[in-house]
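1. dropping a prediction and its sequence here:
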Amino acid sequence: MPRAIWNDTVIAESDRCEVVEGNQYFPPDSVKQQYLKPSDYHTTCPWKGIASYYSIEVDGQVNKDAAWYYPSTKERAKNIEGYVAFWKGVKVEV
């Protein structure tokens, strides 16, 4: 079962992930929201839409903009709308 781990802490775990462009997108209900802090950072993907970001905070350490999601996707990416993906040193075990 895919798991996202940072700072020796499991941030997300699910057997219902969607894989897009090599990234595991975790369903929102599988992500431990207490570790996510909303960020003002955004990026745009031509076929998915506008991504919003979270910073991850564990035991007082912050990994800035290390998780992203698409709150409202374009039609071709509806399967990952609201799902969360990770990068910047977050280990995703499959």
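-> Looks like it arrived, so ask away.
2. use CA for all of it now, contacts and neighbours both
-> Fine.
3. tell me the spacing between residue 53 and residue 65.
-> From residue 53 across to residue 65, the span is 5 Å (Cα to Cα, to the nearest Å).
4. give the residues shared as contacts by these two.
-> Shared contacts of residue 53 and residue 65 (Cα atoms under 8 Å, 6 or more residues apart in numbering): 39, 41.
5. so who does residue 9 touch?
-> Residue 9 is in contact with residue 58, counting by Cα under 8 Å, 6+ apart.
6. so it bridges to which residues?
-> In this entry, residue 9 is beta-bridged to residue 6, by DSSP bridges.
7. number the residues from 15 up from this point.
-> Sure, I'll start counting at 15 from here, so that last one is residue 23.
8. pLDDT score for it?
-> Reading off the confidence values, residue 23 has pLDDT 98.
9. measure it to residue 71 for me?
-> Look at residue 23 and residue 71: by Cα to Cα, they are 10 Å apart.
10. what of residue 18?
-> If you go by Cα to Cα, the gap between residue 18 and residue 71 works out to 14 Å.
11. the more surrounded of the two?
-> residue 18 (22 against 18; other Cα atoms under 10 Å).
12. now do the contacts for the closest residue to residue 96 other than its chain neighbours.
-> Once flanking residues are discounted, residue 96 sits nearest to residue 85: 4.9 Å by Cα to Cα, 6 or more residues apart in numbering. Contacts here follow Cα under 8 Å, 6+ apart; on that basis residue 85 touches 64-66, 95-96.
13. among the residues you listed, which ones are buried?
-> 64-66, 95-96 (16 or more other Cα atoms under 10 Å).
14. out of those residues, which is nearest to residue 34?
-> Residue 34 lies nearest to residue 95 out of the buried ones among the contacts of residue 85, by Cα to Cα, at 11.8 Å.
15. bridged to that closest one, which residues?
-> Applying DSSP bridges, one finds that residue 95 bridges with residue 84.
16. any chance of the buried ones among the contacts of residue 85 in CSV, plus pLDDT and distance to residue 42?
-> Converted to CSV, these look like this (pLDDT from 0 to 100; distance: Cα to Cα, whole Å):
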residue, pLDDT, distance to residue 42
64, 98, 17
65, 98, 14
66, 98, 14
95, 98, 9
96, 98, 6
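17. cool, thanks, signing off.
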